[in-house]
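[1] Can you look at this prediction? I've put the sequence above it.
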Amino acid sequence: MSSPDGTEPPDRPAEPAASGGEPRIEDVVDTTGPAAVHFETLTDENDDGRPAAPEPEESKKKLDLGPVGHLGDRLFSGLAHGSGGLVVVIVAFVGIFLLALAIPSLADNNTSFLFSRVWEPGGSDPKFGIAALFYTTIISSIIAMLIAVPIAIGVALFVTYYAPRRIATPVAHAVDLLAAVPSIVYGLWGLLFFAPILLPVINGLSAALGWIPLFEKPIGDNVGVIFTISVVLAIMILPVVTAISREIFAQTPIAHREGALALGSTKWEMIRMAVLPYGRSGVTSAAMLGLGRALGETVAVMIILTVPNGNDPWNSSIFAGGETFASKIANNAAEFDTPEKTGAFIAAGLVLFVVTFLVNSAARLIVARSAPGAKRPRRNRRATEGASV
Amino acid sequence: MAKRIEVSGLNVYYGDFKAVEDVSMTIEPRSVTAFIGPSGCGKSTYLRTLNRMHEVIPGARVEGKVLLDQQDLYATGVDPVAVRRVVGMVFQRPNPFPTMSIFDNVASGLKLNGVKDRKKLTEVVEASLKGANLWNEVKDRLDKPGAGLSGGQQQRLCIARAIAVEPEVILMDEPCSALDPISTLAIEDLIEKLKDKFTVVIVTHNMQQAARVSDQTAFFNLAATGKPGRLIEMAATKQIFSNPTEKATEDYITGRFG
Amino acid sequence: MTAIVENKPAYDGKELDLSGKSGARAFKNVLATVLIVAAFVIALIPLIWILWTVVSKGYHLLLSADWWSQSQRGVTVRREGGGAYHAIMGTLIMALITAVIAVPIAVLGAVYLVEYGKGTKAARAVSFMVDILTGVPSIVAALFIYAVWITIFGFNRVGFAVSLALVLLMLPVVLRSTEEMLKLVPDELREASYALGVPKWKTILKVVVPTAFGGIVTGVMLGLARVMGETAPLLILVGYSKNINLNPFDGFMGALPTMINQDRTELALQPAADRVWSAALTLILLVLALNLLARLVARFSTIKSK
Ligand SMILES: Nc1ncnc2c1ncn2[C@@H]1O[C@H](COP(=O)(O)OP(=O)(O)OP(=O)(O)O)[C@@H](O)[C@H]1O
Ligand SMILES: [Mg+2]
């Protein structure tokens, strides 16, 4: 099936001229817009989605053939609206409760919550700050993203434009399989099998770049370090980022791809001119989604990352141990004995909540901003969500 | 520029399905050649073999010879990518790159070929847009996205993009079928002008259009659905429309077909 | 057949270079191909490695009937024996309760977004909240339930609390996939039903939801698969018990992730290591089974997402 230049793209529909590679779903979804509004007026719902007020029901009575339908409609619509409202309430509660329990502890805190690296909550002189947690969480997630995103893009391109169909589909499923592995298994495997082979990499990097504090290696052969969890986190977020990128790359309209090829571009140039620009916002939001996952990952980090001895000075190197927000909370679950202590951990959890929220919002903003047409955001969002399951 | 295309004994297959059978023809340089024929007779399929665009479809393959001034496009050692740089193509639906500005769209082919000199790019973009009869409409908004233009303007933008790389041949597959009559006229004017410099091949379903713009016309037909399409008759356009040799041609252009 | 033109003018004689070996561009193309294939190979290594590790180290305990029928009651780290029945049941019970709570809310919420609230400000607010919920890390969900269930209400750490935390994680997954499925139902179907005089709620229940049913089930399975592997809520909200406890409202409960966690510090001891990898394999198999089931259902459902 391979042509001399190997430039055949996948998923070519049988009709070459017909509407390019535009997914038909879009068309279906689009029609629901105006049409649904039209139906709305046929039923006894107001356009704004609130259940109908009782008065119109009276005036319409002579037209109604079955009052039972009315009751059912009101009940069902009430349930649906209630569920929608419940989601709002839940999220609001998460924020409010965490805040309410964190505030008393924060008020008693004797050091700067944001800038201190000490973590000694509870007792008569509670001191706790998140600076070290914040640093470890962010740097490990960012390194994870730097490793995972290029590889994910490569795998996605391989599956969509390079691999023959016969190989592409099983590969896609195999990568999806990685997402089915629970994170505790990644943690165990990472600690026992993967971390040891990283030691030469760590030694090499620190030998070459050790003069930068970030790459300075402490004495000893500890592999339970930030760098190791970064790589394991990269492996963990790879399937998500790959799955979303793959979906989006495959949707690049044939018209764009052929436009590039007809200019005499090589396959790689076609990808750079048509596929990558088309998928840019989607891949960015996929990367952000992966970042969100990495920020909140708990068990794998907890298992692999060594907690520094309390007496050691703080070390900013990625070749040192540390704790992230999530691993700190999980490591100390047994210590939630007093509300003051618990409050300190909840405050840390709240910061993690806010950070992931910001990252996810950024993902959504990027998609909305950079979409050239009105259709793009929806398509990208659909792909994002599809793969997040 | 402009080269002669000589095709002999060309068969095109999609997998096991033979879509086009035994086509031989000569397409003259600096002229417009129109392909007409009923839907499904293989016009697009055949057209795409002239710059090896069919190879982007998995399973599509070709038998026979296509010579571009005696150079065989299917000889071993010929890179399809290089062929497409020499034989440009314009599609049924305008397909400007959505993420690029008007300027970048036109310049995209040149940039691929490593032209970085801004002055040179500006010159070629202007010349190409003028060549595509679009310059006056867009000269004040070259940095705006190409997707913001009207359908007809987008199609002329795509033509400008194709001629910017100075190909020998331009293939057009129903370039006006997605356009309104005014835009269609604009494109037809443009085609008239393009043939001064290029070999132009156009597929069209519009008899008047074929009669208006082309110098030669090739009529394709297929015996029955599922049978491969064949070249029935090719001659000067005047002759095809006034005095065709084949009965099928006459039936088709007078509307008695099917 | 050949056609026309007798007076062929001469060719212009200019030879074109069609070899395409134009240095830099061809090189870049090859380089890109190499890198892309390399990325693929790199991605494949950990996948094979992890699966190989778990399968090769964990499979033999799974072959014994004890594994599926016994608990770890009275078994110490140094001793062989016992099974994972208590943990498998714990994982399934908590997952089931999670599904029972999350699925109706999620499906009805999706119905609200697609059938009732479309285009309204309220719907946009709900949609936004779902997006927030999607990003909530599992440790934060666990902390929130801890705050409510234990700190505020003063209840004990039990399996049900875990389910509540998992609801927060499963809800957005199921809601979004259901929403997408409902959007795919063509309006002609709704129209046809309305034209028959069927009220809206019946149209939704009898026409829209059944049409999208396969897709909704797929979403539920995938959501379940995701929460079953979660460890953080278990660590915080319920203690690990080696005994069989089928009551989610009383006492500690075993679960596969915490069973792994229990012995992971004792991996130097062969019996403990065996149990850890076997529990991991069991968990992967459970999650995988749900994923496969989801795919099967998707294949036979009326509406496809592709
Ligand atoms: N990608 C493809 N795979 C398989 N068969 C194809 C493909 N594209 C076209 N065909 C078949 O090849 C034959 C010729 O199609 P082609 O598109 O070339 O016709 P056409 O003359 O351009 O028609 P139209 O005027 O409608 O554009 C048809 O039978 C068509 O079904
Ligand atoms: Mg055609």
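    Received it, and whenever you're ready, just let me know what you need. Ligands and ions are numbered 1, 2, ... in the order given.

[2] Does residue 106 belong to a helix, a strand or coil?
    Just going to use chain A. Under the three-state scheme (DSSP: H, G, I helix; E, B strand; the rest coil), the conformation of A:Leu106 reads as helix.

[3] so what's it up against?
    For A:Leu106, the contacting residues are A:113, A:343, A:347, taking Cβ atoms under 8 Å, 6 or more residues apart in numbering or on different chains as the criterion. To be clear about C-beta, it is placed using only N, CA and C from the backbone, and glycine gets the same treatment.

[4] Most neighbours among those, which one?
    If you count neighbours using other Cβ atoms under 10 Å in any protein chain shown, the busiest of the contacts of A:Leu106 is A:Gly343, which has 28 neighbours.

[5] Quick check: which element contains that one?
    Taking DSSP states H and E as the criterion, the element that holds A:Gly343 is helix A:339-370.

[6] Now do the buried residues in that helix.
    A:339, A:341-353, A:355-357, A:359-360, A:363-364, A:366-367, A:370 (16 or more other Cβ atoms under 10 Å in any protein chain shown).

[7] near chain B too, which of those residues?
    With Cβ under 8 Å from any Cβ of the partner chain as the criterion, no member of these is in contact with chain B.

[8] Excluding sequence neighbours, find me the nearest residue to A:Val88.
    Take A:Val88 and drop its neighbours on the chain: the residue closest to it by Cβ to Cβ, 6 or more residues apart in numbering or on different chains is C:Met129, 4.9 Å away.

[9] you'd agree that neighbour is in a helix?
    Yes: C:Met129 sits within a helix when classified using three-state DSSP.

[10] Quick check: buried residues in the helix or strand containing A:Ile138?
    With elements taken from DSSP H and E, the one containing A:Ile138 is helix A:131-157. Neighbour-count burial for helix A:131-157 flags A:131-141, A:143-145, A:147-149, A:151-157 (criterion: 16+ other Cβ under 10 Å).

[11] Return the list of helices and strands in contact with that helix.
    Packing partners of helix A:131-157 (3 or more Cβ pairs under 8 Å, 6 or more residues apart in numbering or on different chains; DSSP states H and E): helix A:226-250, helix A:276-296, helix A:325-331, helix A:339-370, helix C:23-62.

[12] between it and helix A:339-370, how many degrees?
    An angle of 40 degrees separates the directions of helix A:131-157 and helix A:339-370 when computed by axes from the mean of the first three to the mean of the last three Cα atoms, to 10 degrees.

[13] circling back: now render the helices and strands packed on helix A:131-157 as a markdown table, adding mean pLDDT and distance to B:Leu67.
    Conversion of the helices and strands packed on helix A:131-157 to a markdown table gives the following (pLDDT from 0 to 100; distance: least, Cβ to Cβ, whole Å):
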| stretch | mean pLDDT | distance to B:Leu67 |
| --- | --- | --- |
| helix A:226-250 | 91 | 37 |
| helix A:276-296 | 88 | 36 |
| helix A:325-331 | 90 | 68 |
| helix A:339-370 | 84 | 46 |
| helix C:23-62 | 90 | 24 |
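
[14] Make a markdown table from those helices and add distance to ligand 1 to it.
    Putting the helices and strands packed on helix A:131-157 into a markdown table (distance: least, Cβ to the nearest ligand atom, whole Å) gives the following:
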| stretch | distance to ligand 1 |
| --- | --- |
| helix A:226-250 | 17 |
| helix A:276-296 | 21 |
| helix A:325-331 | 50 |
| helix A:339-370 | 32 |
| helix C:23-62 | 24 |
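
[15] As TSV, those with distance to C:Ala255 would be great.
    Compiled in TSV, these are given as follows (distance: least, Cβ to Cβ, whole Å):
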stretch	distance to C:Ala255
helix A:226-250	20
helix A:276-296	20
helix A:325-331	15
helix A:339-370	22
helix C:23-62	17
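
[16] what about residue 252, how many residues close to it?
    Here I'm looking at chain A. Burial of A:Thr252, expressed as a neighbour count using other Cβ under 10 Å, amounts to 24.

[17] To clarify, I was referring to chain C.
    18.

[18] circling back to that earlier point, looking at the contacts of A:Leu106, spot the one nearest chain C.
    Sorting the contacts of A:Leu106 by distance to chain C puts A:Gly343 at the head of the list, at 8.6 Å, by Cβ to the nearest Cβ.

[19] quick one: contacts for the nearest residue to the closest one once chain neighbours are set aside?
    When the adjacent residues along the chain are set aside, A:Gly343 lies closest to A:Ser105, with 2.8 Å between them (Cβ to Cβ, 6+ apart). By Cβ under 8 Å, 6+ apart, the contact set of A:Ser105 is A:121, A:126, A:128, A:339-344, A:346-347.

[20] Let me have the residues you listed in TSV, adding distance to B:Val203 as columns.
    Supplementary listing: the contacts of A:Ser105 in TSV, determined by distance: Cβ to Cβ, whole Å:
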residue	distance to B:Val203
A:Pro121	76
A:Pro126	79
A:Phe128	74
A:Pro339	78
A:Glu340	79
A:Lys341	77
A:Thr342	74
A:Gly343	74
A:Ala344	73
A:Ile346	69
A:Ala347	69
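
[21] which stretch of helix or strand covers the residue of chain B found nearest chain A?
    Evaluated by Cβ to the nearest Cβ, chain B has B:Arg85 as its residue closest to chain A, separated by 2.9 Å. Under the criterion DSSP H and E, the helix or strand holding B:Arg85 is helix B:80-86.

[22] Tell me the strands beside the helix or strand just after that helix, with direction?
    Once the chain leaves helix B:80-86, the next helix or strand it forms, by DSSP H and E, is strand B:87-90. In the sheet containing strand B:87-90, the strands it pairs with under DSSP bridges are strand B:169-173 (parallel).

[23] Tell me if the partner strand is near ligand 1.
    No: Strand B:169-173 is not in contact with ligand 1 by Cβ under 6 Å from any ligand atom; minimum separation 7.3 Å.

[24] Now the next helix or strand after that strand - C-alpha only, PDB.
    Going down the chain from strand B:169-173, the next helix or strand is helix B:181-194, by DSSP H and E. Coordinates of each C-alpha in helix B:181-194 appear next as PDB, following Å, rounded to 0.1, in the frame of the first residue of the first chain:
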ATOM      1  CA  PRO B 181     -21.600  33.200 -10.900                       C
ATOM      2  CA  ILE B 182     -19.700  36.400 -10.400                       C
ATOM      3  CA  SER B 183     -16.800  34.700  -8.800                       C
ATOM      4  CA  THR B 184     -17.000  32.100 -11.500                       C
ATOM      5  CA  LEU B 185     -16.600  34.800 -14.100                       C
ATOM      6  CA  ALA B 186     -13.600  36.200 -12.300                       C
ATOM      7  CA  ILE B 187     -11.900  32.800 -12.300                       C
ATOM      8  CA  GLU B 188     -12.700  32.200 -15.900                       C
ATOM      9  CA  ASP B 189     -11.100  35.500 -16.800                       C
ATOM     10  CA  LEU B 190      -8.100  34.400 -14.800                       C
ATOM     11  CA  ILE B 191      -7.800  31.100 -16.600                       C
ATOM     12  CA  GLU B 192      -7.900  33.000 -19.900                       C
ATOM     13  CA  LYS B 193      -4.900  35.000 -18.600                       C
ATOM     14  CA  LEU B 194      -3.100  32.000 -17.100                       C
END
